[in-house]
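**Student:** A predicted structure for the sequence below; I have some questions about it.
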Amino acid sequence: MSTGRLLRTEALSWMSDDDNVTGVQSRGLILQPFWDYLHQNHHDLLRSTPFPVVLSVSTYFFLVGFYTVLDLLAPTWPCINRYRLHPDKPVTWPNIWTTLGVTVYNHVLYIFPATIAQWLWRPPTPLPREAPTFWSFFLGIMGCMVVFDFQYYLWHLLHHQVPWLYRTFHAVHHQYNQTFSLVTQYLSGWELFSLGFWATIDPILLQCHCLTAWGFMVFNIYVSTEQHCGYDFPWALHNLVPFGLWGGAPKHDAHHQRPGTNFAPFFSHWDWLGGTHSCANTLQRESQTR
């Protein structure tokens with residue numbers, strides 16, 4: 001082979017490799033550098049089967065820790081208390097210790113053994129080289145939220161309609177008719193397992209990228225905690241999503257006061273269609289006139 005042909009072959013080979021790399025980066029676009037960083041620096045951690053559980057649990061306790069600090073500051077900080085749904089009913093230390101005790105009990109008795117069993121039984125998570133596109137990441141999370149919302153609406157409605165199910169499994173969550181963040185996982189073991197099962201299986205059903213699945217887990221925990229936090233902040237999702245499509249803290253707080261209403265965890269459309277929708281503002285006005 002002549003020197004000229006050899007150089008042209010090398011150039012074409014180099015251009016082909018460069019096109020392959022560019023193709024990978026363009027498909028990943030925004031998320032590819034971040035995914036590459038995780039691949040290079042935290043590969044073994046991300047592949048480990050306990051990682052999703054560690055991510056979920058640490059996210060939850062970080063969020064409830066933040067809201068609990070707000071709850072403790074609110075009685076003496078008017079700038080915080082003004083956003084509470086029940087500013088005249090402070091969250092007390094007995095409330096915190098009771099709900100925290102049940103949460104820790106459930107994690108030690110149920111979550112920790114399930115994590116160990118999963119670690120021993122399931123193989124490590126395969127990590128693809130390509131990141132999801134931004135739109136597949138976003139739409140994957142939204143798709144999982146819609147599916148989870150429908151699943152929990154039916155589960156929640158059933159456990160309120162069947163007295164045995166309510167008494168046996170769901171009544172513990174309704175021991176507080178005033179929501180605050182630690183009520184989020186003030187649950188029976190059955191309810192905690194049900195929610196964890198759907199949050200795990202839905203990204204698999206929708207064939208999401210593992211990064212999308214983890215994003216859904218974090219976002220799901222965030223909105224669940226925000227829903228129970230007992231605050232009506234201007235930047236809360238129910239104040240940002242138009243047309244009242246998002247329930248948020250006021251509507252779920254109304255559910256704890258009127259247990260026959262507002263069963264959907266996130267969106268409002270199933271309660272509208274099912275005739276179980278209750279306006280949180282109306283309930284607040286009624287409580288103020290008593």
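**Tutor:** All right, it came through fine. Residues are numbered from 1 along each chain as shown.

**Student:** ends of stretch 172-192, how far apart?
**Tutor:** 12 Å (CA to CA, to the nearest Å).

**Student:** where's residue 64 relative to residue 84, distance?
**Tutor:** 16 Å (CB to CB, to the nearest Å). Backbone N, C-alpha and C define where each C-beta goes, glycine included.

**Student:** which SS class is residue 137?
**Tutor:** Classification of residue 137 by DSSP: H, G, I helix; E, B strand; the rest coil places it in helix.

**Student:** how near is it to residue 131?
**Tutor:** Distance from residue 137 to residue 131, by CB to CB: 8 Å.

**Student:** what does residue 94 give?
**Tutor:** 46 Å.

**Student:** the more surrounded of these two?
**Tutor:** residue 131 (25 against 8; other CB atoms under 10 Å).

**Student:** residues contacting the more buried one?
**Tutor:** Listed by CB atoms under 8 Å, 6 or more residues apart in numbering, the contact partners of residue 131 are 28, 31, 32, 34, 35, 36, 209, 211.

**Student:** Now do the same for the nearest residue to the fifth one once chain neighbours are set aside: its pLDDT.
**Tutor:** Beyond its immediate neighbours in the sequence, the residue positioned closest to residue 35 (CB to CB, 6 or more residues apart in numbering) is residue 131, lying 3.5 Å away. Residue 131 is assigned 94 on the pLDDT scale.

**Student:** do you know how far residue 131 is from residue 31?
**Tutor:** Taking CB to CB, one finds residue 131 at 4 Å from residue 31.

**Student:** which residues are common contacts for the two?
**Tutor:** residue 211.

**Student:** so who does the residue nearest in space to the middle of the chain touch?
**Tutor:** Nearest to the geometric centre of the chain sits residue 220, at 1.2 Å (CA atoms, centre = their mean). Neighbour list for residue 220: 144, 145, 148, 199 [criterion: CB under 8 Å, 6+ apart].

**Student:** Just give me the neighbour total for the last one.
**Tutor:** The criterion is other CB under 10 Å. On that basis, residue 199 has 21 neighbouring residues.

**Student:** ok, it touching residue 148?
**Tutor:** Yes. Applying CB atoms under 8 Å as the test, residue 199 and residue 148 come out as touching, 6.7 Å apart.

**Student:** Fine, thanks again, bye for now.
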